[in-house]
Structure formats: structure tokens, C-alpha cells
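Student: here is a sequence together with a model predicted from it:
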Amino acid sequence: MADLFQDDPPPPARDDAPRDDAPLADRLRPRTLGEVIGQEHITGAEGAIGRMVAAGRLSSMILWGPPGTGKTSIARLLADSVGMRFISVSAVFSGVADLKKAFAEADRMAEAGQRTLLFVDEIHRFNRAQQDGFLPFVERGTVTLVGATTENPSFELNAALLSRAQVLILERLDHQALSALLDKAETLEGPLPLDEDARAALIASADGDGRFLLNQAETLYNAKIEAPLDPAGLGKFLQRRVAVYDKDREGHYNLISALHKSLRGSDPQASLYYLARMLTAGEEPLYVLRRLVRFASEDIGLADPQALSQCLAAKDAYEFLGSPEGELAIVQACLYCATAPKSNAAYAAQKAAFRSARETGSLMPPQNILNAPTKLMKDIGYGAGYSYDHNAEEGFSGDNYWPAEMEPQTYYTPVERGFERKVKERIAYWDKLRRERS
């Protein structure tokens, strides 16, 4: 790290052009913020970084995101965009002495009118006392701190430091962003030796990590492969299992179908297997969670009302923890759904009720249950004769709530499983009272 802390001021301009023999990922490093792929929500004109750059002033920030999403590139480009001096240190290799040198040099440069952006990679690896050492220099503007971390800042960074920095979340690169990275690689190096299915499988295997994807691509280029590989050949060549996601996404839909049907069939072992297949293939965890939430309503419903709560809690836990810690919450929700009593009564009731609503149009409800906020409406009979159920015996009036032109319908038929057994008993009891009181 000695070259980062020279006593003499650095040259005013910095040549970032990579060598011709540099790794592919370095040669494709973005040269402007506009070239950063997949993080437009913060680098775009309406994003936090875009607005700061437009204003010409940066505040200290923590870049939180998975590996290979552009944290280091963004930090370098931020300094260039506002004409700041850039210093980079790594919490893995640097200690307090290195930081003191960096701060002292930043003080000298500030006196000469040159502002300093200090990029700290893996900032969460500094202990609490070391993190406290940043505070006075950040507060008086000696440096603008840009920290990078893959860990949840609320757990790993001091509250005092967090209060002086804005936390910006970098997203895992999606399929479209990773595909754009491969497009850039192919523009520079030529077509990859892959068919369309293998290219999609390579992207899926990257798990949102752009640098990993480009390293894999560079391995393929260096091998000088003549005939294009299919997914099986690619998996064998890279010595790692690669998910088969063909161009029409059949593999994707096959796996989600297998997961859904295994859950419906109350097989927790098979359900967990297909869940693992999807997540290890690079599927978006939030997509899997959306399917589990839907399953909880469609195939469990009121047979176990807690299933929906479990799935929504898993969604919250995953969004809070991220990968890989949050994936355990997804597993828990999957196992809960697989072992819960099943009922599609709510799903069937929805379809029947919606069909009936479309067929019956605009039938007026009976007048006794209409609201009457004005005198005229009361005078013409709105709300007249309404029976307040709480005043009735057993809290049940037995009134008719259906339009006069329509016979009462039965859409929801609970099953004899789980909590719906109790619901079925209640409905049967109310039907009995209704017949007696009519």
C-alpha cells in the first residue's frame, strides 16, 4: 500500500487505461458513470449519485451490494466526475498507520484546494475503534468517504459513521445487465464459443456477479474452442454445474412448476430440492418468494391462515438480510407450505365470484343495507329495516344481503382440513340459524 501514501502530491491527471494484457474485466471497466451497467437507479439522472454529480458535490456514502456489481468502478468514476483526487485502501490490507498517512496527505491537499475522495473497500472489516477514526476527518471535510461492503451496514458499521454517510444499495446484476456485459466482451474479443442456450446458462451461473461472468468468459476465450458449446459441454468445460435455461425459458418454468406441484402434493423433501435447484441456478430469490406467497393463498388458504404470514415474513427477512443469510427464511416458508393442510376453496371461490360478478352486471343491493348519508336517501328508504347484527341474538341477524333479482349463491365451500374445518362448522351453523329465522 506504500504507493497510495506518497509524501509528494500525485500528478493532477490519472491514466486509468488498462494494459492490453490486463484481465478482461479490467479492460471492460466503465470509463464514465453512464457506462456502469445495472445500477441506473443510483447512477442515473434521478438517482442519488446522478444528482450529486450534477450538483458537483459529493456526500460521504456507503455502497452496499453483492460482489461484482460495480462498487469500485463507481467510486473511481465519482472522483473523476467532480474533479476529486482518488485514494483507495482496502480494509483487508491496510491498518491505522496507512489511514493516518492518507488523512495527513488529504489535509495537505485540501490546503492547496484539492479535495480527496477516500475509497475504503471491505470497510466492514475495520473494527469499531478503527471506524471511529474516520469520524473527525469526515466531519470537517478532509475526505469524502466512499465505503464499499457486501455486509449489512446496520450490523457491521458504527451508528456514528452511518449517521454521517448515505447508504446506497447496489442491486445484484439481472439477466439483462449480465447479457449487456457479455455483449461488450464480444464486441472487444469476438463471439463466445457458445450456442444460445449455453450463453443463457453461463449468465445464469454468474449469480448476479459481473466480474465472475467476465472471468468465465475470459477462460472460454483463452481456451480457443472451435465448435460452439451447448449447456452440457459448457458445464463440463468449466468444471461446475451450469443450469440449463434455454431461450424460451422452458427450464425456468419447468422448475417452478415442479416446485409448485411438490408443495401441493405435501412433499417437503421434493419441494426443498426444486427450491434449491432454482436458487443455485441463479434464479431471483424474490421471484421464488412471490410464487410461495401465491401458493399460500391458492393451495392452502384458510386451511392454515398462517401460511400467508409465514411467506410474507420470509420476504421481509430476505429483503433485510440478503443472500445467503436470507435464503434460510425462504427455505422455512417452503417447508411450512409443504407441510400445511391444503385447500383451494378460496381460489375456487374467487373464480366463481368473479364470474358471477361479470355476468350479473350492476344489480342493486337490497335497500336495507344501503348507506343513507342524506335526508333524501333516507326518505326514499335507503337503510330502512337494517338489522344490526351485534344487537341480534348470538350476534347474527340472518338478513338477506343479495340483490332482489338474484338467488343466494354458494362460492366458498370450506374443506374438512385444518382451520377450514372450523370455518365449515361456523358456516353450517349460520345457515341453520338463517333457515330458522327466515
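Tutor: Looks like it came in fine.
Student: now the helices: where do they sit in the stretch 151-300 of the chain?
Tutor: 153-156, 159-162, 175-189, 196-205, 210-222, 231-238, 250-264, 268-280, 285-295 (DSSP state H, counting those that start in this stretch).
Student: according to the record, where do the domains of this structure fall?
Tutor: What automatic domain parsing lists as the domains of the chain is 2-169, 175-238, 250-339, 365-437.
Student: mind checking the end-to-end distance for the shortest one?
Tutor: So that's domain 175-238. Domain 175-238 has an end-to-end distance of 20 Å (criterion: CA to CA, to the nearest Å).
Student: how far is it from where the chain is centred?
Tutor: 24 Å (CA atoms, centre = their mean, to the nearest Å).
Student: stretch 423-438 too?
Tutor: Its chain's C-alpha centre and that of stretch 423-438 lie 46 Å apart, by CA atoms, centre = their mean.
Student: now swap in stretch 138-148 and tell me
Tutor: 29 Å.
Student: and the contacts of that stretch?
Tutor: Outside stretch 138-148, the residues that touch it by CB atoms under 8 Å, 6 or more residues apart in numbering are 58-63, 71-72, 75, 78, 84, 87, 102-103, 106-107, 110, 115-123, 134, 136-137, 157, 161, 164-165. (C-beta placed from N, C-alpha, C; glycine too.)
Student: cutoff 7 Å now
Tutor: The contact list for stretch 138-148 (CB atoms under 7 Å, 6 or more residues apart in numbering) reads 58, 60-63, 71-72, 75, 78, 84, 103, 106-107, 110, 115-123, 134, 137, 164-165.
Student: so how many other residues sit close to G141?
Tutor: 12 (other CB atoms under 10 Å).
Student: hmm, back to that, list buried residues within the contacts of stretch 138-148.
Tutor: 58, 60-63, 71-72, 75, 78, 84, 103, 106, 110, 115-123, 134, 137, 165 (16 or more other CB atoms under 10 Å).
Student: residues contacting the closest residue to R172 other than its chain neighbours?
Tutor: Closest residue to R172 apart from its sequence neighbours, by CB to CB, 6 or more residues apart in numbering: G208 at 3.3 Å. Shown in contact with G208 (CB under 7 Å, 6+ apart): 66, 172-173.
Student: for the helices of the stretch 151-300 of the chain, which one sits closest to F320?
Tutor: helix 153-156 (9.1 Å; CB to CB).
Student: with just CA atoms, put the closest one into PDB.
Tutor: Extracted C-alpha coordinates of helix 153-156, given in PDB (Å, rounded to 0.1, in the frame of the first residue of the first chain):
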ATOM      1  CA  PRO A 153     -24.100  -1.800   7.200                       C
ATOM      2  CA  SER A 154     -26.600  -1.700  10.100                       C
ATOM      3  CA  PHE A 155     -24.900  -4.700  11.600                       C
ATOM      4  CA  GLU A 156     -21.200  -4.100  10.600                       C
END
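Student: which among the contacts of G208 gets closest to P285?
Tutor: R172 (9.2 Å).
Student: how close does the closest one get to P403?
Tutor: From R172 across to P403, the span is 51 Å (CB to CB, to the nearest Å).
Student: likewise for L376?
Tutor: Taking CB to CB, one finds L376 at 22 Å from P403.
Student: kindly report the same for E319.
Tutor: Relative to P403, and taking CB to CB, E319 is found at 44 Å.
Student: same check, this time on D299
Tutor: 32 Å.
Student: looking at these two, which one has more neighbours?
Tutor: Using other CB under 10 Å as the criterion, D299 and P403 rank with D299 on top: 22 against 13.
Student: which residue is the nearest non-sequential neighbour of that one?
Tutor: R264 (5.0 Å).
Student: my read is that that neighbour contacts A296, right?
Tutor: No - the criterion here is CB atoms under 7 Å, and R264 misses it with A296 at 11.6 Å.
Student: looking at the two, which one has more neighbours?
Tutor: The neighbour comparison of R264 against A296 (other CB under 10 Å) goes to A296, with 24 against 17.
Student: quick revisit: which of the contacts of G208 sits closest to Q409?
Tutor: Distances from Q409 to the contacts of G208, taken by CB to CB, are shortest for R172, at 47.0 Å.
Student: count of neighbours near that closest one?
Tutor: Count around R172 with other CB under 10 Å applied: 22.
Student: the one 5 residues further on too?
Tutor: In terms of burial, A177 registers 21 neighbours under the definition other CB under 10 Å.
Student: need the pLDDT of it.
Tutor: Looking at A177, its pLDDT reads 93.
Student: that one and G34, how far apart?
Tutor: When A177 is compared with G34 (using CB to CB), they lie 14 Å apart.
Student: what do you get for H390?
Tutor: Relative to G34, and taking CB to CB, H390 is found at 63 Å.
Student: ok, these two, which is more surrounded?
Tutor: Neighbours of H390 and G34, each counted by other CB under 10 Å, are more numerous for G34; the result is 12 against 8.
Student: what mean pLDDT does stretch 373-382 have?
Tutor: Mean pLDDT, stretch 373-382: 84.
Student: are we agreed that A148 is in a strand?
Tutor: Yes - according to DSSP: H, G, I helix; E, B strand; the rest coil, A148 belongs to a strand.
Student: for it, name its beta-bridge partners.
Tutor: With DSSP bridges applied, A148 shows beta-bridge pairing to L63, D121.
Student: per-residue pLDDT, it?
Tutor: For A148, pLDDT reads 93.
Student: around it, how many other residues sit close by?
Tutor: Burial of A148 is recorded as 25 neighbouring residues (other CB under 10 Å).
Student: mind putting the domains of the chain into CSV with distance to S356?
Tutor: Putting these into CSV (distance: least, CB to CB, whole Å) gives the following:
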stretch, distance to S356
domain 2-169, 43
domain 175-238, 41
domain 250-339, 19
domain 365-437, 6
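Student: ok, which of those domains comes nearest A353?
Tutor: The nearest among the domains of the chain, by CB to CB, is domain 365-437 at 4.6 Å.
Student: point out where this structure drops to low pLDDT.
Tutor: Low-confidence segments of the chain (pLDDT under 70): 1-20, 239-251.
Student: longest helix in it, by residue count?
Tutor: helix 420-437 (DSSP state H).
Student: so which of the contacts of stretch 138-148 belong to strands?
Tutor: Residues of the contacts of stretch 138-148 located in strands (DSSP state E): 61-63, 116-121.
Student: what is the nearest of those residues to E436?
Tutor: Nearest member of the ones in strands among the contacts of stretch 138-148 to E436, counting by CB to CB, is I62, at 67.4 Å.
Student: so that closest one sits against P153, correct?
Tutor: Yes - contact criterion CB under 7 Å: I62 and P153 qualify, at 5.2 Å.
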